[in-house]
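[1] no sequence for this one, just the structure:
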């Protein structure tokens, strides 16, 4: 495994901007370096992820059907989207349900930089320097009952602001889910920003989930509800096409989507001459997460 | 005489116009204007123009019947060849640029992915039409030529279905192509029964 210095992989202008941002948050540079180094190592357990995707590509090339189905639509159509005031309720099978504002969550749980690979089910990938913290920290505040086996995430429903929700492309609001052990895994992140800045609307502001070893659609954006449940939730994509989108949707080069192969991917931002790269099991996070699925037939539970 | 000059002049103009989409994408490549997934952009652009040329080609006969002008038919074969041209660039983008001639992966895709299977089949079916689209072959094949070239009906449907099957969720555009093709094919049934 290769160790990268923070400054080696980050474009300088962003590096400087981020330093300023972190300082303004009152976090010491020391803690920043420490936290980002360990996560960098995570990101680089996969050999083909040495370069961060540019801020421009991350923020202008998005799948976010609430704002349109074109990749450029979310950027174009989300700029006026109101992300304050914003409340998120944590409810269901918990001892103490709670509703917190986005600002409360952001200030209660310090964000750290987490550089993760994003693999879209469509066969493209990015490397994104998110800001965020482990979802397990947030969930530990509500005392989860033992009956809770799954977590359901619900995104906002606001067709006046989200033009895409006026059409029944998916059953709105967008829903996703994780098994409880997946949700409690330290890699499962509540995202508050990227490139050291607040999270742009088109990337799921004010708060989104990110699950690095699963296809991108598993990571719900603009969440308003986190519900602990007994039964496996049906996600929006499962409902749309159960044959194509399973509950687990772990990145898996050996299980191809009915319509496209998942064996390789295109790294976003490359030129015409950049070759495809091989997709890795669990998106390269197998060391961390494979044990969650020991004994499971991942072809069946795709 | 004057009419003839005008006609061949017109043909050159139309031929040049048909090349605009390929020059446009080349210009975008050279000036670095393609998006974060440039190969996908080229694939989609050439695929879409293949479908546009299918619609244009299929529209010539109905236009002839409606306007009672034969001039439309003069360009039909040229438009048809542009279907083959754009389909071939489309295929080569996928084979050469995207998969770098990784024939194992491509073979797997063709066999296992139905949208690739039907798209590749459509391209194969275009080959006999492309090779027989000169005057000499028309003379040699005579009546059979017309029959053979009716394959374009099947190819056009394959093309639209190829697009329909590959789209993830928003099928508006593929349905528009499929609808246009079905209407143009229905014209032929109508004129036959008349």
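    It's in. All values derive from a computational prediction rather than experimental measurement. Numbering: from 1, shown residues only, chains lettered A, B, ... in the order given.

[2] rest of the way, CA atoms for contacts and neighbours
    OK.

[3] The nearest residue to residue B:111 once chain neighbours are set aside: neighbour count?
    If you skip the residues right next to it in sequence, residue B:111 has residue B:117 as its closest partner in space, 6.2 Å away by C-alpha to C-alpha, 6 or more residues apart in numbering or on different chains. Look at residue B:117: counted by other C-alpha atoms under 10 Å in any protein chain shown, it has 17 neighbours.

[4] Residue B:117 falls within a helix, correct?
    Yes: with DSSP: H, G, I helix; E, B strand; the rest coil as the criterion, residue B:117 is located in a helix.

[5] give me every residue that touches it.
    Listed by C-alpha atoms under 8 Å, 6 or more residues apart in numbering or on different chains, the contact set of residue B:117 reads B:109-111.

[6] Nearest to chain A among the residues you listed?
    Nearest to chain A out of these is residue B:109 (C-alpha to the nearest C-alpha; 7.0 Å).

[7] what's the particular helix or strand that has that closest one in it packed up against?
    Secondary structure assigned from DSSP states H and E places residue B:109 in helix B:103-112. For helix B:103-112, the packing partners by 3 or more C-alpha pairs under 8 Å, 6 or more residues apart in numbering or on different chains; DSSP states H and E come out as helix B:114-131.

[8] Next, the angle helix B:103-112 makes with the helix it packs on.
    Counting by axes from the mean of the first three to the mean of the last three C-alpha atoms, to 10 degrees, helix B:114-131 points 100 degrees away from the direction of helix B:103-112.

[9] Look up how far residue A:119 lies from the residue in the stretch 51-200 of chain A positioned nearest to chain B.
    For the stretch 51-200 of chain A and chain B, the shortest gap (C-alpha to the nearest C-alpha) falls at residue A:57, measuring 6.3 Å. Counting by C-alpha to C-alpha, to the nearest Å, the gap between residue A:57 and residue A:119 amounts to 14 Å.

[10] When the two are compared, which one has more neighbours?
    Neighbours were counted for residue A:57 and for residue A:119 using other C-alpha under 10 Å; residue A:119 has more, 26 against 16.

[11] Next up, the contacts around that one.
    The contact partners of residue A:119, by C-alpha under 8 Å, 6+ apart, come to A:125-126, A:212, A:214-216, A:251, A:283.

[12] before we move on, what about residue A:275?
    So, once contact is read as C-alpha under 8 Å, 6+ apart, residue A:275 ends up touching A:266, B:98-100.

[13] Could you give me the PyMOL selection string for whichever of these are buried?
    Restricted to the buried members of the contacts of residue A:275, where burial is judged by 16 or more other C-alpha atoms under 10 Å in any protein chain shown, the PyMOL selection command reads as follows:
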select buried, (chain A and resi 266) or (chain B and resi 98+99)
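
[14] from the contacts of residue A:275, which two are the most distant?
    Maximum pairwise distance among those (C-alpha to C-alpha): 12.5 Å, between A:266 and B:100.

[15] which ones are touching the residue of the stretch 201-302 of chain A found nearest chain B?
    Residue nearest to chain B within the stretch 201-302 of chain A: residue A:269 (4.7 Å; C-alpha to the nearest C-alpha). For residue A:269, the contacting residues are A:53-54, A:57, B:36-37, taking C-alpha under 8 Å, 6+ apart as the criterion.

[16] what does residue A:75 give?
    Contact criterion C-alpha under 8 Å, 6+ apart gives A:59-62, A:201-202 as the residues in contact with residue A:75.

[17] For it, grab phi and psi.
    phi -60, psi -50 (degrees, to the nearest 10).

[18] Helix, strand or coil: sort out the residue nearest the centre of chain B for me.
    Most central residue of chain B, judged by C-alpha distance to the mean C-alpha position with C-alpha atoms, centre = their mean, is residue B:83 at 2.7 Å. Classification of residue B:83 into helix, strand or coil gives helix, according to three-state DSSP.

[19] any idea how far it is from chain A?
    Here the distance between residue B:83 and chain A works out to 24 Å (C-alpha to the nearest C-alpha, to the nearest Å).

[20] is it true that residue A:147 touches residue A:230?
    Yes: counting by C-alpha atoms under 8 Å, residue A:230 is a contact partner of residue A:147 at 5.9 Å.

[21] so the residue lying closest to residue B:49 once chain neighbours are set aside is in which element?
    Here the nearest residue to residue B:49 in space, its sequence neighbours aside, is residue B:86; by C-alpha to C-alpha, 6+ apart that works out to 6.6 Å. With secondary structure defined by DSSP H and E, residue B:86 is part of helix B:76-92.

[22] can you list the residues of chain A near chain B?
    Listed as neighbours of chain B in chain A under the rule C-alpha under 8 Å from any C-alpha of the partner chain: A:57, A:61, A:69, A:169, A:258-261, A:266, A:268-273, A:275-276.

[23] Which members of those residues are positioned in helices?
    Using DSSP state H, the members of the residues of chain A next to chain B that fall in helices are residue A:57.

[24] Before I go, just wanted to say thanks for your time.
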